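> got a predicted model here, sequence first, then my questions.
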Amino acid sequence: MKHIVLLAFALISFYSQAQPKKVLFIGNSYTYVNDLPLMFRNLALANGDTITYDSSAPGGYTFQQHCTNSNTLSKISAQAWDYVILQEQSQLPSFPPTQVQTDCFPYATQLCNLILANDSCSQVVFYMTWGRKYGDAANCAFYPPLCTFEGMQNRLRESYLQMGNDNEAIVSPVGQAFKYSRMADSTINLYTSDNSHPSVAGTYLAACTFYATIFQKSPVGINFNGGLSASNAAFLQQIAYQTVFDSLSVWNINVYNAHADFSYTQNMNNPFEFQFTDNSNNAHSYWWDFGNGNTSTSANPTYTFQTPGVYTVTLTVSDGCVESSLSKEITVVATGVENIQNNSEITIVKNAEGLYLNNEKSVKNASVNIFNMLGQSVYYNSNYNNNELINISEWPKGVYIIKYTNSNIPLTGKVDIK
């Protein structure tokens, strides 16, 4: 099969300083034109975030060439990078799958291995580029999907997502942001006169997309326009935000990092005892804080509280590089009230007059028992009707547990009286 021809563009490299995120760009002219790293740095700085950056971006370079380029290799090993951004030659990932499999994917993996060998906590970000404005005319005859922007962009998306998945890396969907921008407002020209390289607007859109990807914050409202009109900058900020945040898992954002999650059950024979179960992803270490000064490093601890109260239990997990925390509020009472947690079947309304309970599945003849934190019953009604007033004017401030029983089915809720 005839190989499709690569077109090269000349460029140089540069360096600038900031903190705290350390970012290395490895690419070519799509990275260099309009100084994307500097645009990204200035955008972040305007929102109170700073980066240290460097780049290796010779014109028209492929991943294969970067794998043996002494400048690229020295920059990878120069320090421990937080993020290394990889941008392939602009056409190559859009070529037929068999050619991409041979000419692109192995070198993407080789670069990822070099980056992680330098620092196992570096996060690789693949820079998904965009289809040319009118497709790739030079190669259209060899591969029809390249005849239009849409066809070329679809192939770029497929290839970059494959590289991200194969290497457990993030994908920054700049090309998809180009697509959505073109669909929403075709009057904003994202290209220079060659219909390939980015205009200032295109580079600004790329910078906004990288900001949303790396900082995982919205660029909307950032007071840095990159030389664009305020209205065009605001439009591109919104496009970048929607592109990234509508599909975080598709772009592998946080997919391979530690993510804390847990559940718990209460021992009905000893309501002070709780079994905590770790449901986290990619966790290698655990730190439980039970909200009373006591902690545990077990994955699934059993813990007995000594006194009634409301405790904020926090689980912090780590994958060795990234930490993630989750907190849940747990109510401990001195008597056995089953399944102590908020129940969606009970609507609890509290106002100046008092307390009202409503259960849409039951209108009347319910048993209501309300306990304070010492397990003492402060209210009991064996024949409660929906929305019947419960006078709480004399009750001390605190958290109360509501046990609502109808047809021998107990439901529970919680109310905080201040």
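Received, thanks.
> hey, let's count contacts and neighbours off CA atoms from now on
OK.
> C-terminal to the host helix or strand of Val244, what's the next element?
Val244 belongs to helix 230-245 when assigned by DSSP states H and E. Counting by DSSP H and E, the next helix or strand C-terminal to helix 230-245 is strand 262-266.
> check which helices and strands that following strand is in contact with.
strand 273-278 (3 or more Cα pairs under 8 Å, 6 or more residues apart in numbering; DSSP states H and E).
> my guess is Ser90 contacts Gly135. True?
No - if you go by Cα atoms under 8 Å, Ser90 and Gly135 don't touch, sitting 11.8 Å apart.
> so for these two, which residue has more residues nearby?
Neighbours were counted for Ser90 and for Gly135 using other Cα atoms under 10 Å; Ser90 has more, 25 against 22.
> OK, contacts around that one?
Contacts for Ser90 (Cα atoms under 8 Å, 6 or more residues apart in numbering) come out as 30, 60, 129-130.
> and the protein, what are its domains?
According to automatic domain parsing, the chain is divided into the following domains: 15-245, 262-332, 346-417.
> closest one to Trp251 among those domains?
domain 15-245 (4.9 Å; Cα to Cα).
> distance from the chain centre to that closest one, please.
18 Å (Cα atoms, centre = their mean, to the nearest Å).
> which one of the contacts of Ser90 has the most neighbours?
Trp130 (30 neighbours).
> tell me how far that one lies from Val399.
56 Å (Cα to Cα, to the nearest Å).
> one more: Tyr83?
Tyr83 is 46 Å from Val399, by Cα to Cα.
> the two: who's more crowded?
Between Tyr83 and Val399, counted using other Cα under 10 Å, the more crowded position is Tyr83 (20 against 17).
> low-confidence ranges, the stretch 251-400 of the chain, go.
Residue ranges of the stretch 251-400 of the chain with pLDDT under 70: 334-345, 362-364.
> that one: strands as residue ranges?
262-266, 273-278, 285-289, 295-296, 302-304, 309-318, 323-332, 346-350, 355-359, 366-371, 377-384, 398-406 (DSSP state E, counting those that start in this stretch).
> surely Gly202 forms part of a helix?
Yes - looking at Gly202 with DSSP: H, G, I helix; E, B strand; the rest coil, it is inside a helix.
> now do the same contact list for Leu389.
Counted by Cα under 8 Å, 6+ apart, Leu389 has contacts 353-356.
> wait, which of the residues you listed is closest to Phe290?
Nearest to Phe290 among the contacts of Leu389, with distances taken as Cα to Cα, is Leu355, at 30.7 Å.
> ok, the closest residue to that closest one other than its chain neighbours - how many residues close by?
Excluding the flanking residues, the one nearest Leu355 by Cα to Cα, 6 or more residues apart in numbering is Ile390, at 4.9 Å. Residues lying near Ile390 (other Cα under 10 Å) number 16.
> now do the one 3 residues further on
Counted with other Cα under 10 Å, residues neighbouring Ser393 total 12.
> same question, the one 10 residues further on
Residue neighbour count, defined by other Cα under 10 Å, stands at 20 for Lys403.
> so which strand or helix has the nearest residue to it once chain neighbours are set aside?
Using Cα to Cα, 6+ apart and skipping the chain neighbours, the partner closest in space to Lys403 is Thr412 (4.6 Å). Assigned by DSSP H and E, Thr412 belongs to strand 409-417.
> neighbouring strands of that strand in the sheet, and parallel or not?
Each strand paired with strand 409-417, and its direction, by DSSP bridges: strand 398-406 (antiparallel).
> sorry, back to before: do you know which of the strands of the stretch 251-400 of the chain lies nearest Asn42?
Nearest to Asn42, of the strands of the stretch 251-400 of the chain and by Cα to Cα, is strand 323-332 at 27.2 Å.
> what residues of the closest one count as buried?
By 16 or more other Cα atoms under 10 Å, the buried positions in strand 323-332 come out as 323-325, 327-328, 330-332.
> need the contact partners of it.
258-262, 271-272, 305, 307-318, 340-341, 373.
> do that again at 7 Å, thanks
258-261, 272, 308-318, 340 (Cα atoms under 7 Å, 6 or more residues apart in numbering).
> buried subset of the contacts of Leu389?
355-356.
> next, format the contacts of Leu389 as JSON lines and append distance to Phe290.
Output for the contacts of Leu389, formatted as JSON lines (distance: Cα to Cα, whole Å):
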{"residue": "Glu353", "distance to Phe290": "36"}
{"residue": "Gly354", "distance to Phe290": "33"}
{"residue": "Leu355", "distance to Phe290": "31"}
{"residue": "Tyr356", "distance to Phe290": "32"}
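> show me what contacts Pro145?
Counting by Cα under 7 Å, 6+ apart, the residues that Pro145 touches are 151-152.
> let's see it at 8 Å
So Pro145 contacts 151-152, 155 (Cα under 8 Å, 6+ apart).
> how near is it to Lys133?
From Pro145 to Lys133 the distance is 14 Å (Cα to Cα).
> try Gln153
With Cα to Cα as the criterion, Gln153 and Lys133 are 10 Å apart.
> so for these two, which sits in the more crowded spot?
Neighbour tally, Gln153 and Lys133, criterion other Cα under 10 Å: the higher count belongs to Gln153, 26 against 22.
> does Pro58 belong to a helix, a strand or coil?
coil.
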